[in-house]
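Trainee: Attaching a predicted model along with its sequence, questions to come.
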Amino acid sequence: MERRGAAGSAGDRNWRAGARLAVTCALLFCAMALLVDWDAGSLTSPRALLWLTVSAVVGFVLLPPRVSAGPGRLVVRTPWRRHVVHTDALTTVRQFAGVSSHLVLRDVHGHRAELDPRVLIANPLIWHELDTGVRRSMERGTLRQGAALLDRLGHRIDDETVREVLRASGLPR
């Protein structure tokens, strides 16, 4: 598992692959746009600059958020912002379903962060830090909404971790 940042901080071990995919898609889009424009005979310097700019925007839009967690905090970094939530002072946890299911975490300080639950499933260390903070929030009485949701997510993560261990050890599932 990849560790980044301060001591005791857990990082998303799949972020680099997602970032690499975003850059690859942006580069392919740029190459195809330039190739089609050149083949049509309409490629000029301003149009090439336009395609490069559009490709850079595509790359930024496709870039996945970078999630990390440490004692009492969860950090979600996007290309534009950095969201820090104090996991030991959470007030609500909601999950929005739809095309892209995501969790929304809010703390007593008014901070808010959104993340894909698949990041937690793929990164047990991030889940552990979040779960530890959630337990502290429940002990302090600040978590008013979302404890059952996190309990279900915890069971799902535990099941997936067991499957991974069995798969890695070669034992039948």
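Mentor: Looks like it came in fine.

Trainee: For residue 4, give me the pLDDT.
Mentor: Per-residue confidence for residue 4 comes out at a pLDDT of 47.

Trainee: hang on, I meant residue 150
Mentor: With respect to pLDDT, residue 150 has a value of 88.

Trainee: How about the one 10 residues further on?
Mentor: On the pLDDT scale, residue 160 is placed at 85.

Trainee: Count the neighbours of the closest residue to it other than its chain neighbours for me.
Mentor: Beyond its immediate neighbours in the sequence, the residue positioned closest to residue 160 (Cβ to Cβ, 6 or more residues apart in numbering) is residue 121, lying 5.3 Å away. Placement of C-beta: from N, CA and C, glycine included. As a burial measure, residue 121 scores 16 neighbours (other Cβ atoms under 10 Å).

Trainee: before we move on, what about residue 109?
Mentor: 11.

Trainee: Sheet-wise, list the partners of the helix or strand containing residue 75 with their directions.
Mentor: With elements taken from DSSP states H and E, the one containing residue 75 is strand 73-77. Here strand 73-77 has these sheet partners by DSSP bridges: strand 66-70 (antiparallel), strand 82-85 (antiparallel).

Trainee: Any figure for the gap between the residue nearest to residue 160 and residue 82?
Mentor: Residue 121 sits 23 Å away from residue 82, taking Cβ to Cβ, to the nearest Å as the criterion.

Trainee: can you confirm residue 41 is in a strand?
Mentor: No: under the criterion used here (DSSP: H, G, I helix; E, B strand; the rest coil), residue 41 is coil, not part of a strand.

Trainee: Could you tell me the phi and psi values at it?
Mentor: The phi and psi torsions at residue 41 (degrees, to the nearest 10) take the values phi 80, psi 20.

Trainee: Same question for the one 5 residues further on.
Mentor: Summarising the backbone geometry of residue 46 under the convention degrees, to the nearest 10, its torsions are phi -60, psi -40.

Trainee: Let me know the pLDDT of it.
Mentor: Residue-level confidence at residue 46 comes out at 95, pLDDT.

Trainee: Alright, calling it a day.
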